[in-house]
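Participant: pasting the sequence and the predicted coordinates here, then a few questions.
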Amino acid sequence: MKFIFSDCLDMVDPGYDFLADRSSPGRYPYWDDIYPHEILESAPYDGVLVSRAIVGDRRIRGKYTDSQAMRFRRVGARAFLRLEGPNYAGLDLFGDCGAFSYVNAVAPPYEPDETVTYYEECGFTHACSVDHIIFDFDTKLCGMAGGSAIARERFDITQENAHAFLAAHKAAGARFTPLGVVQGWSPDSMAEAARRLVAMGYSYLAVGGMVPLKTPDIRAALAQIRATVPEATRLHVLGFAKADEIDTFRPYRITSFDSTSPLLRAFKDARQNYYLPSSNGKLQYFTAIRVPQSIENPRLQRLVKMGVFHAEDLTRMEADALGALRAFDQGEAELEDVLQRLIAYSAPLLIERPAEDACSDPKLARMADQYRITLGARPWKSCDCGICRKISIEVIIFRASNRNKRRGIHNLAVYKNHIREAGSHPCQ
């Protein structure tokens, strides 16, 4: 099972100054910043997926700048992502249209034939047909029953586009592997979509619409699809948001899946921000230590304007918290002393008043319990990845993009190893 990382220019400044919280002098983000596979000794994924809507064009405003989008088309995905070296020759490059970006449109903004041209020019190794996402989902429906008028229209659009996409692929003699996208409003309708795609000639299917579904619904859909298509048919799961549960999906013989979950959870999850393997074959999670920049945090600045706190006091508490964490990393501070400084600085954020005025506040107590577990375990000391070795405790500090994304990149490396280890054991 291959782990494909969905990229969105997730890069970091290699020369970032963590003590001064300052980027490299004269830094040009794309040219000077580096990708996860560049900051680590090896790529923390088996391939990269780039959505066409992320790159952007005149139809959809993407995340790339105009010059970046032009360069992506000109030099191709592999060169743009800096995956040209021999160490990356085996990494797959997946492309899709990014159906979430045009979810409110009557029809996709891309045509199948010009999409084939786009994928081929950009040098993708695998690419998905033009789909239109369906949000309806009901496991109780049988056959092709149910489905709103919009869902049925999008089912037909996705099927028609897949047929035209495959024809254009053959006519152009394109070198990439085409994936027919499955969309449906129930397990049975998705299985029927998959059956039709195989009949068209697809041997690799991409299962869409999984992001908003709960785990049992995803299992139901994959089980029905797998029971319907030939055993040799390969399956890719698009935007697999349940990445941490991937080992429970092994019975459905997933060939590949794409996800950003390990990176995003580094700074979007309330508690599970830092991954580490455990002796029982499962991932263990730790809460990052939040020490925001006092002069840039909107909530803290609002409290200053209201006169609840003085700016210089917040800056002092911020420096005390960071200093205590770094001293703890060097064995020069006790855990409970560090916690007290963290609580003092966290109180304005959590309860908007000084910690001494709310010693028993449940929010502060919960935070202290989570931080006590993280600091007590010192997980960054147990990790041998290039990031943890180089920046040590800075990786566990929740504070601006260059720390948070590095923690996410660490998570990618741990997660890829987890997938590889899980794949070395037979299915239960």
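Facilitator: Sure, I can see it. Numbering: from 1, shown residues only.

Participant: looking at this, Pro178 is in a helix?
Facilitator: No. Looking at Pro178 with DSSP: H, G, I helix; E, B strand; the rest coil, it is strand, so not inside a helix.

Participant: how close does it get to Gly208?
Facilitator: Using C-beta to C-beta, to the nearest Å, we find Pro178 at a distance of 15 Å from Gly208. The way it works is simple: take the backbone N, C-alpha and C, and place the C-beta from them, glycine included.

Participant: so for the two, which residue has more residues nearby?
Facilitator: Gly208 (26 against 23; other C-beta atoms under 10 Å).

Participant: list the contacts of that one.
Facilitator: By C-beta atoms under 8 Å, 6 or more residues apart in numbering, the contact set of Gly208 is 99, 131, 133, 181-183, 238-239.

Participant: likewise for Gly146?
Facilitator: Residues in contact with Gly146 (C-beta under 8 Å, 6+ apart) are 136, 138, 185-186, 189.

Participant: scan those residues and report the most crowded one.
Facilitator: Ser189 (28 neighbours).

Participant: could you say which helix or strand holds the closest residue to that one other than its chain neighbours?
Facilitator: The shortest distance from Ser189 to any non-neighbouring residue, by C-beta to C-beta, 6 or more residues apart in numbering, is to Met144 (5.7 Å). Here Met144 sits in a region with no helix or strand, counting by DSSP states H and E.

Participant: wait, doesn't Met144 sit right on Asp188?
Facilitator: Yes. Using C-beta atoms under 8 Å, Met144 is in contact with Asp188, at 7.0 Å.

Participant: who has more neighbours, the two?
Facilitator: Comparing Met144 with Asp188 by other C-beta under 10 Å, the one with more neighbours is Asp188, at 22 against 15.

Participant: in the stretch 101-250 of the chain, which spans are helices?
Facilitator: Assigned helices in the stretch 101-250 of the chain, in chain order: 112-122, 149-172, 187-200, 215-228 (criterion: DSSP state H, counting those that start in this stretch).

Participant: how about these, which one is nearest Ala53?
Facilitator: helix 112-122 (11.7 Å; C-beta to C-beta).

Participant: got the phi and psi for the residue nearest to Ser189?
Facilitator: Met144 adopts backbone torsions of phi -100, psi 20, taken as degrees, to the nearest 10.

Participant: what of Ala327?
Facilitator: Here is the backbone geometry of Ala327 (degrees, to the nearest 10): phi -70, psi -40.

Participant: can you check Phe5 too?
Facilitator: Note on Phe5: backbone dihedrals following degrees, to the nearest 10 are phi -90, psi 130.

Participant: who's it bridged to?
Facilitator: Per DSSP bridges, residues listed as beta-bridge partners of Phe5: Val48, Ser259.

Participant: OK, contacts around Glu120?
Facilitator: With contact set as C-beta under 8 Å, 6+ apart, Glu120 has these partners: 172, 174-176.

Participant: thought Ser261 was touching Ile246?
Facilitator: No. If you go by C-beta under 8 Å, Ser261 and Ile246 don't touch, sitting 9.6 Å apart.

Participant: need the residues touching each of the two.
Facilitator: Common contacts of Ser261 and Ile246 (C-beta under 8 Å, 6+ apart): Phe240.

Participant: and this protein, what are its domains?
Facilitator: 2-259, 285-412 (automatic domain parsing).

Participant: TSV for the ones you listed, including distance to Ser278 and mean pLDDT?
Facilitator: Output for the domains of the chain, formatted as TSV (distance: least, C-beta to C-beta, whole Å; pLDDT from 0 to 100):
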stretch	distance to Ser278	mean pLDDT
domain 2-259	13	95
domain 285-412	10	94
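
Participant: any chance of TSV for these, columns distance to Ala422?
Facilitator: Listed next are the domains of the chain as TSV, based on distance: least, C-beta to C-beta, whole Å:
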stretch	distance to Ala422
domain 2-259	4
domain 285-412	16
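
Participant: between those, which one is nearest to Arg265?
Facilitator: With C-beta to C-beta, the closest approach to Arg265 among the domains of the chain belongs to domain 285-412: 6.7 Å.

Participant: first to last residue in the closest one, what's the distance?
Facilitator: End-to-end distance of domain 285-412: 13 Å, with C-alpha to C-alpha, to the nearest Å as the criterion.

Participant: got the helices of the stretch 101-250 of the chain as CSV, with distance to Asp66 columns?
Facilitator: Output for the helices of the stretch 101-250 of the chain, formatted as CSV (distance: least, C-beta to C-beta, whole Å):
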stretch, distance to Asp66
helix 112-122, 16
helix 149-172, 27
helix 187-200, 35
helix 215-228, 37
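
Participant: so Leu322 sits in a helix?
Facilitator: Yes. Under three-state DSSP, Leu322 sits within a helix.

Participant: most centrally placed residue in this protein?
Facilitator: Thr260 (1.1 Å; C-alpha atoms, centre = their mean).

Participant: that one touches Phe3, doesn't it?
Facilitator: No. At 11.1 Å, Thr260 does not count as touching Phe3 under the criterion of C-beta under 8 Å.

Participant: circling back to that earlier point, winner for burial among the helices of the stretch 101-250 of the chain?
Facilitator: Mean neighbours per residue, mean count of other C-beta atoms under 10 Å, is largest over those for helix 187-200, with a mean of 21.

Participant: tell me which other helices or strands that helix touches.
Facilitator: On a contact count with 3 or more C-beta pairs under 8 Å, 6 or more residues apart in numbering; DSSP states H and E, helix 187-200 meets helix 149-172, strand 177-182, strand 204-207, helix 215-228.

Participant: repeat that with 6 Å
Facilitator: Applying 3 or more C-beta pairs under 6 Å, 6 or more residues apart in numbering; DSSP states H and E, one finds that helix 187-200 contacts helix 149-172, strand 177-182, helix 215-228.
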